[in-house]
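Q: What follows is a predicted structure for the sequence shown.
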Amino acid sequence: MLVERMRPFTSTIFTEISRLAAETGAINLGQGFPDTDGPASLLVDAAANITEYGRNQYPPGPGVPALREAVAEHQRRFHGLTVDPADVVITTGATEAISATLLGLCGPGDEVVTFEPTYDSYAAATALAGATLRTVPLRAPDFTFDDDELAAAFSGRTKVVLVNTPHNPTGAVFTREQLLRIGELAVAHDAVIVTDEVYEHMTFDGAEHVPMASLPGLADRTLTISSAGKTFSVTGWKVGWVHGPPHLVEAPRAVKQFLTFHGGAPLQPAVANALALPDSFYETVTADLTRKRDLLSAGLRAAGFDVLTPRGTYFVVADPRPLGHDDGVELAWKLPELCGVAAVPVSVFCSSESGAAATRPLVRFAFCKRDDVLREATERLAGLRA
Ligand code: PMP
Ligand code: GLN
């Protein structure tokens, strides 16, 4: 009975691989979620909101004012953006922000330009809206795009360009120059820029996260999405947000009312306090993940993979061809049995045949895990050579 446009989306690779990892007892480096919880102050705050302060009833529709103010202040503090808290909408994770935004902006006949491989919810949310996805390939090894291919993806039907930086699953961090080119095309085609910046605090080796809304002339056509899940290691809380100028943010605000109305009442004030944590917290996030990236990358290299070093996110893409595997889907399904580690194939994040072909061998490993877990995983991966 499932409506035709949602038929390609009956499951997700994260559901499948997490199930496989659980069944086989493999270390799950497939679905990206940390195995430690976020800062103690955040957890204590949330617990107190539930048990002491009784913040358990419906919050205001667009979100708890303290969190909307904290998001605005975070955007000022880290990115120099001027955001009116009235233009912030709190959502049920970035996922709802993405769906509400595309549903609110697009319909049949409209096109959404994005990069491929692409986070899985983009294709599904575009299909939900009845719109059409146009993808621009990001090519290994450094996952950059070709300017002509980008320009060719835009047309008179382009309603939205959906950007994700730092980029899942490739770990690419778009440069200012790349973002400016995207911005120029958005202006030329009068498209709305929707930018998913959930990995904004996760960049390495001095790579700079540049928010689209911070580029000259773009704030007025940009909706910026992020969430607490990654930054504060609380992926199960699903507290996210979207902000942008009033004429754009009205779109996700309207739709969101009829997806969930609101959620996470006791979590929202706790996230507000966490966003105000000192710089030392954010520096530790980066330092810890840099160490984990290097640990897992070294293990993957030692095991015989080629590693496509990420400049951001908590994912590393590896090429198993030196080990004799040229199909990432096949390898991801066999990996738990071969060595007790789970990963996700990259090609499933592509909706075009050419994108799937170009990324066919690649697999993605998440490194947001305890160091001892990553060490154990690298020891297991070393067994692949045997
Ligand atoms: N966008 C990207 C690029 C992601 O990797 C994720 C994490 N799964 C999300 C959005 C969804 O974020 P949330 O868990 O806050 O819904
Ligand atoms: N963002 C995470 C990942 O890419 C998990 C996504 C999910 O479970 N839907 O692995």
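A: Alright, I've got the coordinates. Source: prediction; values computed, not measured. Ligands and ions are numbered 1, 2, ... in the order given.
Q: At which residues are the helices of this structure located?
A: For the chain, the helices defined by DSSP state H occupy 13-24, 40-51, 65-79, 93-105, 120-128, 147-153, 176-188, 228-231, 246-256, 267-275, 279-303, 328-339, 353-358, 371-382.
Q: For residue 6, find the nearest of these.
A: Closest approach to residue 6 among the helices of the chain is made by helix 120-128 (6.1 Å; CB to CB). (C-beta placed from N, C-alpha, C; glycine too.)
Q: for that closest one, packing partners?
A: Identification of packing neighbours for helix 120-128 by 3 or more CB pairs under 8 Å, 6 or more residues apart in numbering; DSSP states H and E yields helix 93-105, strand 111-116, strand 132-137.
Q: who touches the last one?
A: Right, the one you point to is strand 132-137. Applying CB atoms under 8 Å, 6 or more residues apart in numbering, the external contacts of strand 132-137 come out as 110-116, 118, 122-123, 126-127, 145-146, 149-150, 153-155, 157-158, 350-352, 354-355, 358.
Q: one more time with 6 Å
A: 111-116, 123, 126, 145, 149-150, 153, 351-352, 355 (CB atoms under 6 Å, 6 or more residues apart in numbering).
Q: Please produce a PyMOL select command covering the buried subset of the residues you listed.
A: Buried residues within those, by 16 or more other CB atoms under 10 Å, are selected in PyMOL with:
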select buried, resi 111+112+113+114+115+116+123+126+145+150+153+351+355
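Q: Specify which member of the contacts of strand 132-137 is nearest to ligand 2.
A: Proximity of the contacts of strand 132-137 to ligand 2 (CB to the nearest ligand atom) peaks at residue 123, which lies at 12.9 Å.
Q: That closest one is in contact with residue 350, isn't it?
A: No - Residue 123 is not in contact with residue 350 according to CB atoms under 6 Å; the separation is 9.3 Å.
Q: For residue 45, list the residues it contacts.
A: Going by CB under 6 Å, 6+ apart, residue 45 touches 270, 273.
Q: Over to the one 4 residues further on?
A: Under the criterion of CB under 6 Å, 6+ apart, the contact list for residue 49 reads 55, 266, 269-270.
Q: Now rank those residues by neighbours and give me the top one.
A: residue 270 (31 neighbours; other CB atoms under 10 Å).
Q: That residue against residue 46, yeah?
A: Yes - assessed by CB under 6 Å, residue 270 is found in contact with residue 46 at 4.1 Å.
Q: contacting residues for the closest residue to ligand 2 within the stretch 251-386 of the chain?
A: The stretch 251-386 of the chain approaches ligand 2 most closely through residue 366 (6.1 Å), counting by CB to the nearest ligand atom. Counting by CB under 6 Å, 6+ apart, residue 366 makes contact with 29, 32, 314-315.
Q: 10 Å - rerun?
A: Shown in contact with residue 366 (CB atoms under 10 Å, 6 or more residues apart in numbering): 28-35, 168-169, 292, 296, 313-316, 342-344, 374.
Q: Now, of these, which are buried?
A: Buried residues within these, counting neighbours by 16+ other CB under 10 Å: 28-34, 168-169, 292, 296, 313-316, 342-344, 374.
Q: Enumerate the residues of the chain near ligand 1.
A: Residues of the chain lying close to ligand 1 (CB under 6 Å from any ligand atom) are 93-95, 119, 164, 168, 196, 198, 227, 229, 235, 238, 240.
Q: ok, 8 Å please
A: Within the chain, the positions near ligand 1 by CB under 8 Å from any ligand atom are 14, 32, 92-98, 119, 121, 164, 167-168, 196, 198-199, 225, 227-230, 235, 238-240, 313.
Q: Mutual contacts of residue 270 and residue 46, please.
A: 38, 55, 234, 237, 239, 264.
Q: now the closest residue to the fourth one other than its chain neighbours: how far from residue 192?
A: Across the structure, with CB to CB, 6 or more residues apart in numbering as the measure, the residue nearest residue 237 apart from its sequence neighbours is residue 267 (5.0 Å). Remark: distance between residue 267 and residue 192 (CB to CB, to the nearest Å) = 29 Å.
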